[in-house]
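> what follows is a protein structure lacking sequence information:
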């Protein structure tokens, strides 16, 4: 079975907190049957020089992993059952501030997803946490169009609603959410409303559920997490929903889902919820592969 995880903060922790115990290790990925682990490069609200230095540092940490034998791939279609590969994403598009040319530079390094914002305003857009009703900024529209031209998925996790709808109205390809859940189940700005979810699925987008208990709901259990997936399926999300753990970015996790080694517990939770084997395969990873086929340049 191809199993993909769309979001972890491992490279950031390796760079900023050296020596800190990590959720994501090769041993745990292998034990959990993970085929593709997307690793986000997060910069936070830093100044320009800080952003450049932090990005360089995380790319260095990627090189460290590759020197240890980790395999980086350029596309989810390269994921293989029984092997572990990693793919790059960006969380918060501050690295694109110097100009549109930087997007191609990061694409050449293997970046395939980019979250438009984190929890603060930037040159592209406004975050969900701000409460802003303003849409994408002009540079944001230009940057997302360039991302789409190059095959980088626009990631709406953390983006506000007006910016979310602007992507559908003003750009060419459906976005994804790398680590977001259902607002109807947990009323939190980081979660997507039913209308947002319907819009995603109607237009061929993709949503990966986040394991953070605050937006999964309390008590945070595997059954509660699979309830979010079932709700997305009820809204038309069949084949367009997957996993975005946020490992190494969250301090608490759902019960029996502490790190990537526990993914088999989540797979069994999907079966317990009543998903058939074809649906389980889609949720585990095939849905992500199909999404990238839809946005392929």
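Yep, that arrived. Predicted model only: the values in this text are computed from it and were never measured. Numbering: from 1, shown residues only.

> how about the helices in this protein?
Assigned by DSSP state H, the helices in the chain fall at 10-16, 26-32, 48-67, 101-108, 138-150, 161-170, 194-202, 213-216, 222-234, 263-273, 277-281, 287-294.

> which other residues reach the fifth one?
Meaning helix 138-150. Under the criterion C-beta atoms under 8 Å, 6 or more residues apart in numbering, residues 93, 96, 100, 103-104, 107, 114, 116, 123-125, 136, 153-154, 163, 166-167, 170-173, 295, 297 lie in contact with helix 138-150. Every residue, glycine included, has its C-beta placed from N, CA and C.

> counting by contacts, list what the worst-scoring helix or strand of the chain on mean pLDDT packs against.
None of the helices or strands of the chain scores lower by mean pLDDT, DSSP states H and E than helix 48-67, at a mean of 94. In terms of contacts (3 or more C-beta pairs under 8 Å, 6 or more residues apart in numbering; DSSP states H and E), helix 48-67 is packed against helix 10-16, strand 36-42, strand 85-91.

> looking at these, which is nearest to residue 228?
The minimum distance between residue 228 and these falls on strand 36-42, with 19.1 Å, by C-beta to C-beta.

> before we move on, back to that, mean neighbour count and distance to residue 132 added to the helices of the chain, as CSV?
Below are the helices of the chain laid out as CSV (neighbours: other C-beta atoms under 10 Å; distance: least, C-beta to C-beta, whole Å):
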stretch, mean neighbour count, distance to residue 132
helix 10-16, 22, 25
helix 26-32, 18, 37
helix 48-67, 15, 22
helix 101-108, 16, 24
helix 138-150, 20, 13
helix 161-170, 19, 7
helix 194-202, 19, 16
helix 213-216, 22, 19
helix 222-234, 20, 25
helix 263-273, 17, 34
helix 277-281, 15, 36
helix 287-294, 20, 28
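
> quick check: residue 64 touching residue 15?
No: Residue 64 lies out of contact with residue 15 (C-beta atoms under 8 Å); the separation is 9.7 Å.

> and the spatially most central residue of the chain, what does it touch?
For the chain, the residue sitting closest to the mean C-alpha position, by C-alpha atoms, centre = their mean, is residue 178 at 2.3 Å. Under the criterion of C-beta under 8 Å, 6+ apart, the neighbours of residue 178 are 6-7, 38, 40, 89, 113, 115, 155, 157, 208, 244.

> among these, which one sits closest to residue 282?
For these, the nearest to residue 282 is residue 208 (12.4 Å; C-beta to C-beta).

> residues contacting the nearest residue to the closest one once chain neighbours are set aside?
Spatial nearest neighbour of residue 208, excluding adjacent residues (C-beta to C-beta, 6 or more residues apart in numbering): residue 244 at 3.2 Å. For residue 244, the contacting residues are 5-7, 157, 177-180, 208-210, by C-beta under 8 Å, 6+ apart.

> turn those into JSON lines, including pLDDT and distance to residue 281.
Formatted as JSON lines, those follow (pLDDT from 0 to 100; distance: C-beta to C-beta, whole Å):
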{"residue": "5", "pLDDT": "99", "distance to residue 281": "15"}
{"residue": "6", "pLDDT": "98", "distance to residue 281": "16"}
{"residue": "7", "pLDDT": "98", "distance to residue 281": "20"}
{"residue": "157", "pLDDT": "98", "distance to residue 281": "24"}
{"residue": "177", "pLDDT": "99", "distance to residue 281": "21"}
{"residue": "178", "pLDDT": "98", "distance to residue 281": "20"}
{"residue": "179", "pLDDT": "98", "distance to residue 281": "21"}
{"residue": "180", "pLDDT": "98", "distance to residue 281": "22"}
{"residue": "208", "pLDDT": "99", "distance to residue 281": "15"}
{"residue": "209", "pLDDT": "99", "distance to residue 281": "16"}
{"residue": "210", "pLDDT": "98", "distance to residue 281": "21"}
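
> in ChimeraX, how would I select the buried members of these?
Restricted to buried positions by 16 or more other C-beta atoms under 10 Å, the ChimeraX selection for these reads:
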select :5,6,7,157,177,178,179,180,208,209,210
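
> right, I'll call it a day here.
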